[in-house]
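A.B. asks: Below: sequence and its predicted model.
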Amino acid sequence: MTKPRSTTPEPDRPDSAGHEEGLASVTDDRSNCGIGGVVDLDGEPTHDTVADAVELLENLEHRGTTGAEEDTGDGAGIMVARPDAFFRDVVDADLPAEYAVGSVFMPTEPSVQARIHDVIAEVLSVYGLEVLAWRDVPTDNADLGTTALDSEPHVSQLFVAPVEGAGLAERFTAPDDDPDADPALLGFDRALYAARREIENAVTDVDGAGRFYVCSLDRQRVVYKGLLKGSQLAGYYPDLADDRFASHVALVHARFSTNTLGAWHLAHPYRNIVHNGEFNTIRGNVNWMRARENDLEHPAFGAELETIKPVIDDPNQSDTASVDNATELLLQTGRDLPHVLRMLVPEAFRDDELMDEARADFYDYHASLVEPWDGPALVIGFDGERVAGVLDRNGLRPCRYEVTTENRLVVGS
């Protein structure tokens, strides 16, 4: 955690050896996006984990996130494991044992919302899914600045389950899938992924749907985010302060926008990751992903592979949004989270004589499948089962963590 960098010029100060450093001093505070998380390693969902993560977020003040308008940030958010007991209390529906939650930014016009509801229900039905309920998420915008208010969406949640007899296990699984995975849940997850991609395309045809964005649509995770400062998130979303809102994982992010302007949908977390830094190779990564799309195939998706193309939603979106798109494709086609992150952000393995040969062979093999997403970047992901993180190959975005005596992981950068 770092304090805001002073805007007042300071005289040169000596380094540890007593030498002047010219125009910059090594003792000046510097930082980029703020990133962090709290994980109960015993897997016990509690509200304390969420509250501690919110406190962590509020302490991630740094040199960015606000401009001339002090009440408008560049973006902040939190990703948690689905708070099941909370939703069963507040949702006006009989939720089954397995269901998914969608967190959605909507236009503010009720008639447009109604048309989008119809589109979503129609698309979901094609994938053997149905909407059980919609929920208007409570929000309080009293502390938001003009820029955030001018683009503020209506925040909704939808609750989705498989239609009885839809056969998602047969439709969306493959012979080489993990034998320990539950075919019904695997089919449900993949149906949600393909359906979300088709929903995103279908809603573009609805007049007035410009603020529509699916923050998350997942069986195990839910995202709360917006064009907010870290200190505004919990006040904007009262759900986060509810004692019933419990999770064993909470990842948080406060954004300092560098390559794109702040916007509600560009706040982190994305659907799988939070990220601190930037990918300098982003244009090449996106172009190579597009070039390889014609070669994509997977027995569990079949014709649905066309639905999920282009893999990168929008070439003009942020670098984190793009790597998140690549991450979810690789996750949904059978790789686990550590595998995916090390495919996309490999270590500098060539000519490293100290690296284990099997590890170097892993990187060498995957170099033929995907180019490194390279740059000063720290990426932490949560796939619903585990949390994993990687540093960039040069360690330019370091990460600190502590495992407490209560067996809780606290991580931040």
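C.D. replies: Structure's in. What do you need?
A.B. asks: Next, count neighbours for L186.
C.D. replies: Neighbours of L186 under the rule other CB atoms under 10 Å: 20. C-beta: built from backbone N, CA, C; applies to glycine.
A.B. asks: That one touches T173, doesn't it?
C.D. replies: Yes - judged on CB atoms under 8 Å, L186 makes contact with T173 at a distance of 5.5 Å.
A.B. asks: So what touches the helix or strand harbouring Y365?
C.D. replies: Applying DSSP states H and E as the criterion places Y365 in helix 357-366. With contacts defined as CB atoms under 8 Å, 6 or more residues apart in numbering, helix 357-366 is touched by 342-343, 346-347, 349, 352.
A.B. asks: which element follows that helix toward the C-terminus?
C.D. replies: As assigned by DSSP H and E, the chain's next helix or strand after helix 357-366 is strand 377-382.
A.B. asks: Adjacent strands (with direction) for that next one?
C.D. replies: Strand 377-382 has the following strand partners under DSSP bridges: strand 273-277 (antiparallel), strand 387-391 (antiparallel).
A.B. asks: residues of the first one that come out buried?
C.D. replies: Neighbour counts using 16 or more other CB atoms under 10 Å place 273-277 of strand 273-277 among the buried residues.
A.B. asks: Stretch 240-253 now?
C.D. replies: Neighbour-count burial for stretch 240-253 flags 240, 242, 245-253 (criterion: 16+ other CB under 10 Å).
A.B. asks: Any idea how far apart the tips of it sit?
C.D. replies: Chord length of stretch 240-253, first to last residue, is 15 Å (CA to CA, to the nearest Å).
A.B. asks: Show me where the chain has its strands.
C.D. replies: Using DSSP state E, the strands of the chain run over 34-40, 76-81, 100-106, 129-136, 154-162, 213-218, 221-226, 249-254, 273-277, 377-382, 387-391, 400-403, 408-412.
A.B. asks: Would you convert those into TSV that also reports distance to A121 and mean pLDDT?
C.D. replies: Shown next, in TSV, are those (distance: least, CB to CB, whole Å; pLDDT from 0 to 100):
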stretch	distance to A121	mean pLDDT
strand 34-40	34	92
strand 76-81	26	96
strand 100-106	12	98
strand 129-136	5	98
strand 154-162	9	98
strand 213-218	14	97
strand 221-226	20	97
strand 249-254	30	94
strand 273-277	29	86
strand 377-382	28	92
strand 387-391	33	92
strand 400-403	43	92
strand 408-412	39	93
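A.B. asks: Next, format those as TSV and append distance to W288.
C.D. replies: Formatted as TSV, those follow (distance: least, CB to CB, whole Å):
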stretch	distance to W288
strand 34-40	26
strand 76-81	28
strand 100-106	30
strand 129-136	32
strand 154-162	33
strand 213-218	25
strand 221-226	28
strand 249-254	26
strand 273-277	19
strand 377-382	17
strand 387-391	20
strand 400-403	32
strand 408-412	31
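A.B. asks: Tell me which residues touch P299, please.
C.D. replies: By CB under 8 Å, 6+ apart, the contact set of P299 is 174-176.
A.B. asks: Try it again at 7 Å.
C.D. replies: Contacts here follow CB atoms under 7 Å, 6 or more residues apart in numbering; on that basis P299 touches A174.
A.B. asks: How about L391?
C.D. replies: Listed by CB under 7 Å, 6+ apart, the contact partners of L391 are 378, 397-399.
A.B. asks: Throw the buried residues of strand 273-277 into TSV and include distance to P96, thanks.
C.D. replies: TSV is the format used below for the buried residues of strand 273-277 (distance: CB to CB, whole Å):
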residue	distance to P96
I273	29
V274	30
H275	34
N276	37
G277	40
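A.B. asks: Between the residues you listed, which sits nearest E328?
C.D. replies: Closest approach to E328 among the buried residues of strand 273-277 (CB to CB): I273, at 9.2 Å.
A.B. asks: count of neighbours near the nearest residue to the closest one once chain neighbours are set aside?
C.D. replies: Setting aside the residues directly before and after it, I273 is nearest to G381 in space (CB to CB, 6 or more residues apart in numbering), at 4.4 Å. G381 sits with 27 neighbouring residues when counted by other CB under 10 Å.
A.B. asks: so where's the stretch 1-150 of the chain shaky on pLDDT?
C.D. replies: 1-32, 62-68 (pLDDT under 70).
A.B. asks: so Q113 makes contact with M106?
C.D. replies: Yes - Q113 is within contact range of M106, at 5.2 Å (criterion: CB atoms under 7 Å).
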